[in-house]
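**Student:** Pasted the sequence and its predicted model underneath.
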Amino acid sequence: MPKMKIDGIEIEVPAGITVIQACELAGIEIPRFCYHERLSIAGNCRMCLVEQEKAPKPIASCAMPVAEGMVIKTDTPLVKKARNGVMEFLLINHPLDCPICDQGGECDLQDQAMAYGFDRTRYHENKRAVPDKDLGPIVKTSMNRCIQCTRCVRFATEVAGVEELGATGRGEGMEITTYVQKTLTSELSGNIVDLCPVGALTSKPYAFNARSWELRKTESVDVMDALGSNIRVDTRGAEVMRVLPRVNEDVNEEWISDKTRHAVDGLKRQRLDQPYVRRDGKLKPASWGEAFAAIAERLGKIKGSGIAAIAGDQCDAEAMVALKDLMAALGAKGVECRQDGTQLQAGPRGGYIFNAGIAGIDRADLVLLIGTNPRAEAPVLNARIRHRWLTGGVKVGVIGEVPEDLTYPVENLGASATALDNLGAFGEALKAAKTPMIIVGQGALARPDGAAILAKARALATVRDDWNGFCVLHTAAARVGGLDLGLTVEGGVEGILKGCEDGSIELVYLLAADEIDTARLGKAFVVYQGHHGDAGAHRADVVLPGAAYTEKPGVYVNTEGRVQLAKRASYPPGEAREDWAILRALSGMLGKPLPYDTIEQVRARLVAVNPVFAAIDQQKPGTWGDFGKDGALSDAPLRSTIANFYMTCPISRSSRVMADCTALRRASLAVAAE
């Protein structure tokens, strides 16, 4: 490790890092605009200039590697003058938009102009004008403010894998644009707003809605997919204004998908804010007492064997364990959490989690995708696979219908699961790999031969003490938590629906379950508890208004089995309440009160049911054992269960922004087809 001096302090640093990184290790802040630790080095803003002993002029610290005996000075008159000059040049063409710029209060240019800039300018010529670009419903542009740091270009090319942004022209004529007039097609496009150090790229849905200092900031967890991205929810009063990413190196690094970021406007639309009871064929407003009484009256006529419950894809673990306990008290057949009919069982935990961990992708030397489209199912995870391909040249094979563009090259091994029996040369590479990763998606598991595919994938996986390459990629935020709680019934959702059709099941309790075929519920009495007037509420006989994920504290378990806590950022509308509290109140009305009255007691119950819930923000290794079932494989092609990335749940289906993104994507596909 080389030794160097920074501002007179001797420090030993790792070999291969740059001077700007060495200064950070020494606790010295270096201003920058173009440099970002997750992107390639551009070295084009020159704001990070420092003085190097024996160098003829200041050096760009972001592009200079450290060397033994190097002497760096970051606070000399030369450095100060250089930073003043760079800032003066950057502001030559920058408009005086601060009072009306959405980046105000969160702008790197503002902050660094205050800390390192000059107090006057020597330029009085007209500022240049650059046309704004239409980048789609997510990103708003004001290109007059652009300082050509190229962060957005590098992100689109390197992380998102969509080479749609670039620089054209030279000198004063240089501008950032799309090479061909088109909008961004990446599911991660909103991240370039976070990366932009000025106000050139801002959030279009959030434009002119609020200032950063007006917002209350709450750290939470995303439930739009099963990745469990760490997020910050910004609220003003009772309204969620925006969602931003939080850094978690093991989960989402510092990226989030466009759905995570912008589907939150769906929280304001089609909300359930009071109970309803169906009278004379129509749902009519009711009090909580009337709703509970209607449920109690119907339950009084039904035996436990005629009761079933289904937990939805965004339920918190507290609500699911309360529903499990209530159904047990009623003598019901149980609770089913597998809305999509996946063949996963609540058996050995290693059989239904992403065992290698999301960060384990960085170690993989070969990846096999089975029945999954990670770009649609978990865009941030897909970006991690792309990063591994870029940096390690990892080979990726696909069994199933190959998505149009995963942003990295793949080898098509066959469209159906029968390809698992003959992988050819890829199979030899799989055997030779030291850390191979097999990612099994719900497109392979949510079908009749899903258990057989699971068994085949298990046989192919490399499992040893230091590596378990068997990984299940879920699409539902609540699925792993539900399986941890044992929320499965014999026959699954299909068995429940058949029971409704033949009359053996007379009452179904839907806990925010909207992804089932409600037309098959027959004449069953349906209780729907949820936060949106979606499919489940339309079919219900009694509707109980619950809280969305931003409106309650909750425990969620992501696809890798990591237990994470979401916090309340706002309160539910009207008479809506937290889901576990509704179930507790209902149990009292039914004369079978659940043994907890606070959320702390509910969480103690979670740990009692399964100790994994005690390990907050840890990926607990899954127990390994027999799972899956030998059987014949179908010739039917494997397809991802996500047909439209932008609309996968009641919240995103209620979002105008997601509707605009969906319309734009369909229009783009139609043009491409022509």
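**Tutor:** Structure's in. What do you need? Numbers count the residues shown, from 1 in each chain.

**Student:** List the contacts of Val463.
**Tutor:** When contacts are counted by C-beta atoms under 8 Å, 6 or more residues apart in numbering, Val463 is found next to 469-470, 624. C-beta here means a position set from N, CA and C on the backbone, and glycine is covered the same way.

**Student:** Now flag whichever of these is closest to Gly441.
**Tutor:** Taking C-beta to C-beta as the measure, Gly441 sits nearest to Phe470 out of the contacts of Val463, at 13.0 Å.

**Student:** need the contacts of Val463 in TSV with neighbour count, distance to Gly8 and secondary structure, can you?
**Tutor:** Shown next, in TSV, are the contacts of Val463 (neighbours: other C-beta atoms under 10 Å; distance: C-beta to C-beta, whole Å; DSSP: H, G, I helix; E, B strand; the rest coil):
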residue	neighbour count	distance to Gly8	secondary structure
Gly469	26	49	coil
Phe470	27	53	strand
Trp624	16	55	coil
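
**Student:** Columns distance to Cys23 and pLDDT on top of those, output as CSV?
**Tutor:** What follows is the contacts of Val463, written out as CSV (distance: C-beta to C-beta, whole Å; pLDDT from 0 to 100):
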residue, distance to Cys23, pLDDT
Gly469, 39, 95
Phe470, 42, 97
Trp624, 45, 92
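
**Student:** how about a markdown table for the residues you listed, with distance to Gly117 added?
**Tutor:** As requested, the contacts of Val463 are arranged in a markdown table below (distance: C-beta to C-beta, whole Å):
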| residue | distance to Gly117 |
| --- | --- |
| Gly469 | 52 |
| Phe470 | 54 |
| Trp624 | 59 |
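
**Student:** Mind picking the one among those that's closest to Ile176?
**Tutor:** Nearest to Ile176, judged by C-beta to C-beta, of these is Gly469 at 40.3 Å.

**Student:** Nearest the middle, which residue of the protein would you pick?
**Tutor:** What sits nearest the mean C-alpha location of the chain, by C-alpha atoms, centre = their mean, is Ser229, with 4.4 Å.

**Student:** That one and Ala378: what is the separation?
**Tutor:** Taking C-beta to C-beta, to the nearest Å as the measure, Ser229 falls 9 Å from Ala378.

**Student:** what do you get for Leu299?
**Tutor:** Using C-beta to C-beta, one gets 39 Å for the distance from Leu299 to Ala378.

**Student:** can you check Glu88 too?
**Tutor:** As defined by C-beta to C-beta, Glu88 lies at a distance of 45 Å from Ala378.

**Student:** Quick check on these two: which one has the bigger neighbour count.
**Tutor:** A side-by-side neighbour count of Glu88 and Ala378, using other C-beta atoms under 10 Å, places Ala378 first with 32 against 16.

**Student:** What values do phi and psi take at the more buried one?
**Tutor:** In this entry, Ala378 is assigned phi and psi values of phi -160, psi 80 (degrees, to the nearest 10).

**Student:** What score does it have for pLDDT?
**Tutor:** Reading off the confidence values, Ala378 has pLDDT 97.

**Student:** contacting residues for it?
**Tutor:** If a contact means C-beta under 8 Å, 6+ apart, then Ala378 has 225-227, 473, 475, 559 as its contacts.

**Student:** and Glu158, which of the three is it?
**Tutor:** Secondary structure for Glu158, judged by DSSP: H, G, I helix; E, B strand; the rest coil, is helix.

**Student:** Would you mind measuring from it to Gly427?
**Tutor:** 31 Å.

**Student:** Can you tell me the element the residue lying closest to Gly574 once chain neighbours are set aside falls in?
**Tutor:** Once flanking residues are discounted, Gly574 sits nearest to Asp273: 2.9 Å by C-beta to C-beta, 6 or more residues apart in numbering. For Asp273, there is no enclosing helix or strand under DSSP states H and E.

**Student:** Residue numbering should commence at 486 henceforth.
**Tutor:** Sure thing, new numbering starts at 486, so read that last one as Asp758.

**Student:** So Asp758 is in contact with Arg1062, correct?
**Tutor:** No. Taking C-beta atoms under 8 Å as the contact criterion, Asp758 and Arg1062 are not neighbours in contact, 10.7 Å apart.

**Student:** Which one's more surrounded, the two?
**Tutor:** Applying other C-beta under 10 Å to Asp758 and Arg1062 shows that Arg1062 carries more neighbours, namely 21 against 13.

**Student:** doesn't that one fall inside a helix?
**Tutor:** No. According to three-state DSSP, Arg1062 belongs to no helix; its state is coil.

**Student:** measure it to Ala692 for me?
**Tutor:** Here Arg1062 is placed at a distance of 34 Å from Ala692 (C-beta to C-beta).

**Student:** Look up how far Gly528 lies from Pro760.
**Tutor:** Applying C-beta to C-beta, the value for Pro760 to Gly528 is 61 Å.

**Student:** Pick out whichever of these two has more residues nearby.
**Tutor:** Taking other C-beta under 10 Å, Pro760 and Gly528 do not tie; Pro760 has more neighbours (25 against 16).

**Student:** hang on, the earlier thing: any idea how far the residue nearest to the centre of the chain is from Asn733?
**Tutor:** Between Ser714 and Asn733 the computed distance is 8 Å (C-beta to C-beta).

**Student:** Repeat that for Ile846.
**Tutor:** Ile846 sits at a distance of 14 Å from Asn733 (criterion: C-beta to C-beta).

**Student:** tell me, what's touching Asp758 and Arg1062 both at once?
**Tutor:** Taking C-beta under 8 Å, 6+ apart as the criterion, Asp758 and Arg1062 both touch Pro1030.

**Student:** Check which residues of stretch 1049-1057 are buried.
**Tutor:** With burial defined by 16 or more other C-beta atoms under 10 Å, the residues of stretch 1049-1057 counted as buried are 1049, 1051, 1053-1055, 1057.

**Student:** tell me the two of the residues you listed that are most distant?
**Tutor:** Checking those against each other with C-beta to C-beta, the farthest-apart pair comes out as Gln1049 and Pro1057, at 20.8 Å.

**Student:** What ranges in the stretch 686-835 of the chain fall below the confidence cut-off?
**Tutor:** With pLDDT under 70 as the threshold, the stretch 686-835 of the chain has no low-confidence stretch at all.
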